[in-house]
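J.: how does the following fold in three dimensions:
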Amino acid sequence: MTSEFTLGLERCAAERPAMLDGVRFGLLMNRASVDRDLRFACDVLSDAYPGQLAALFTPQHGLWGDAQANMIETDHGWHSRLNVPIYSLYSATRTPTAEMLTGLDCLVIDLQDVGTRVYTFVWTVLECLKACAAAGVSVLVLDRPNPIGGCLVEGPMLDLAFRSFVGGASIPMRHGLTIGELVRLLNSEQAIGAKLEVIALANWSPSQTFAAFGRTWIPPSPNLPRAESALVYPGQVLLEGTNLSEGRGTTMPFEVTGAPFIDAELLCRDMNDHQLPGVRFLPLIFRPTFDKWAGESCQGVSIHVTDGSAFRPYRTTVALLAAVQRRWHEQFEWLAPPYEYETQLPPIDIISGSARLRTLLNSDDQTSILSCPLSPWQARVSDAILYDSADRRFVN
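T.: You can find the predicted model right below:
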């Protein structure tokens, strides 16, 4: 291999792993699954392995990333050019059925994760691991980089009493793993027993974020239009459990927030007074075209990351929520379920991973809602990581 950064997809096409030798395989992908030349993974692999691609599978938001979030399901379909079925794993089922896997020897997975526990792609992969283990279908993961870097770990571990489709294992909100590493961890810890291989990235450093790769950002979902959106997402996703707009229905989702009851100047002053590392805020007025407060004038702030290595998105959004709850306590609300197929627990609890954030937000001791004990996490992932070593790699 050269010193050029290389995706698992590109290595799979060039190096021809034995797991794909002469087999019929399915491919879990979406529109962000591209190579350096912006060719879709299905086309790259169909050309590299003629006649072997037998089915496509898609995660939340569908193959084309056009479906919105939170139980907006996509239908199955047919890829007419490749002449293969397209199975949606965010539909009436979120698990590949035995019928879908019939005739397949291997399921290839090429998805761009965003390094945040609540992003559903990895939980779709977890369901695939279980289904493939039961069906005797091998799994080949083509690794992609964690776009927000692989060193920083943020947010508390998920309490398993709050397990859901936005959290299928006790991991931190910002976990610091690539999708290949995370799948290795899940297959081992949950004793799934899938026959699993991961084609690792070549020449990726966990200290790198997406900007370092010289690649084009293709949105993996409709409300992460920029790599900068992904950087703030581990914190700003908490807003989905509140009546604050997280910027859906604007051109800058997750990078702006507000509501009609907010005073933009006051909130901006409060947030800048915190002197949070690596970030500054500007007052903002915006009008969402859909989702929360659609058509209404909202005041709030825009988030501007000035130093990505110092910025802590989870800590930042917790500070924002605390500021809003203090100043606008009567207007601020935690939303009621349903949220991502959970119909009983408050959405904020399954997003944050427990009831602690909701109950302790403005308490004097916020340790349990901010921190991830680093040493236990390093020990847990030491056998799963593919890049560097756990004791040198991860920091809070």
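
J.: least trustworthy helix or strand in the protein by mean pLDDT?
T.: helix 367-370 (a mean of 75; mean pLDDT, DSSP states H and E).

J.: Three-state assignment for Cys372, please.
T.: coil (DSSP: H, G, I helix; E, B strand; the rest coil).

J.: gap between the residue most central in space within the chain and Gly353?
T.: Per C-alpha atoms, centre = their mean, the C-alpha nearest to the average position across the chain is that of Tyr119, at 3.2 Å. Applying C-beta to C-beta, to the nearest Å, the value for Tyr119 to Gly353 is 14 Å. C-betas here are computed from N, CA, C, even on glycine.

J.: about what we covered before: correct me, but the residue nearest to the centre of the chain touches Leu111?
T.: No. Here Tyr119 does not reach Leu111: they are 9.8 Å apart, not a contact under C-beta atoms under 8 Å.

J.: got the buried residues for stretch 55-75?
T.: 55-63, 65, 67, 69, 74 (16 or more other C-beta atoms under 10 Å).

J.: equivalent analysis for stretch 368-383, please.
T.: Buried-residue list, stretch 368-383, by 16+ other C-beta under 10 Å: Ile369, Leu370, Ser371, Cys372, Trp377, Gln378, Arg380, Val381.

J.: for the fourth one, which residues are in contact?
T.: Translated: Cys372. Val153, Glu154, Gly155, Pro156, Met157, Pro172, Met173, Asn396 (C-beta atoms under 8 Å, 6 or more residues apart in numbering).

J.: redo that, cut-off 7 Å
T.: Residues in contact with Cys372 (C-beta atoms under 7 Å, 6 or more residues apart in numbering) are Val153, Glu154, Gly155, Pro156, Met157, Pro172, Asn396.

J.: tell me which helix or strand Gln299 sits in.
T.: Per DSSP states H and E, Gln299 falls inside strand 298-305.

J.: counting by contacts, list what that strand packs against.
T.: If contacts are counted by 3 or more C-beta pairs under 7 Å, 6 or more residues apart in numbering; DSSP states H and E, strand 298-305 sits against helix 227-236, strand 256-259, helix 264-273, strand 279-286.

J.: quick one: closest of these to Ala319.
T.: helix 264-273 (6.9 Å; C-beta to C-beta).

J.: which stretches of the stretch 51-200 of the chain have low pLDDT?
T.: Filtered on pLDDT under 70, the stretch 51-200 of the chain yields no residues whatsoever.

J.: 90 instead, please
T.: In the predicted model, the stretch 51-200 of the chain carries pLDDT under 90 at residues 62-73.

J.: show me the strands in it, by range?
T.: 53-58, 77-79, 84-88, 106-109, 138-142, 196-199 (DSSP state E, counting those that start in this stretch).

J.: could you say which of these is packed most deeply?
T.: Neighbour counts (mean count of other C-beta atoms under 10 Å) averaged over each of those peak at strand 106-109, with a mean of 27.

J.: ok so, going back, contacting residues around the residue nearest to the centre of the chain?
T.: Applying C-beta under 7 Å, 6+ apart, the residues near Tyr119 are Asp113.

J.: poorly predicted segments of the stretch 201-350 of the chain, please.
T.: Short version for the stretch 201-350 of the chain, where the test is pLDDT under 90: 213-214.

J.: do that again at 70, thanks
T.: Looking at the stretch 201-350 of the chain by pLDDT under 70, you get an empty list.

J.: who's the residue lying closest to Gly300 once chain neighbours are set aside bridged to?
T.: Spatial nearest neighbour of Gly300, chain neighbours left out: Gly258 (1.9 Å); criterion: C-beta to C-beta, 6 or more residues apart in numbering. Applying DSSP bridges to Gly258 gives these bridge partners: Ser245, Gly300.

J.: okay, Gly258 and Pro346: tell me how far apart.
T.: Distance from Gly258 to Pro346, by C-beta to C-beta: 22 Å.

J.: same thing with Val237?
T.: Val237 is 15 Å from Pro346, by C-beta to C-beta.

J.: with neighbour numbers in mind, choose between those two.
T.: Set Val237 next to Pro346 and count neighbours by other C-beta atoms under 10 Å: Val237 wins out with 24 against 18.

J.: apart from its chain neighbours, what residue comes closest to that one?
T.: Among residues not flanking Val237 along the chain, Val118 sits closest, at 5.4 Å (C-beta to C-beta, 6+ apart).

J.: I'd say the one you found and Ser352 touch.
T.: No. In this structure Val118 lies outside contact range of Ser352 using C-beta atoms under 7 Å: 8.9 Å.

J.: with neighbour numbers in mind, choose between the two.
T.: Ser352 (29 against 23).

J.: quick one, phi/psi of Gln306?
T.: Quick fix: residue 306 is Thr, not Gln. Dihedral pair for Thr306: phi -100, psi -20, per degrees, to the nearest 10.

J.: quick one: residues contacting it.
T.: Counted by C-beta under 7 Å, 6+ apart, Thr306 has contacts Gly278, Val279, Arg280.

J.: so what pairs up with the second one in the strands?
T.: The one in question is Val279. Bridge pairing for Val279 - DSSP bridges - gives Val305.
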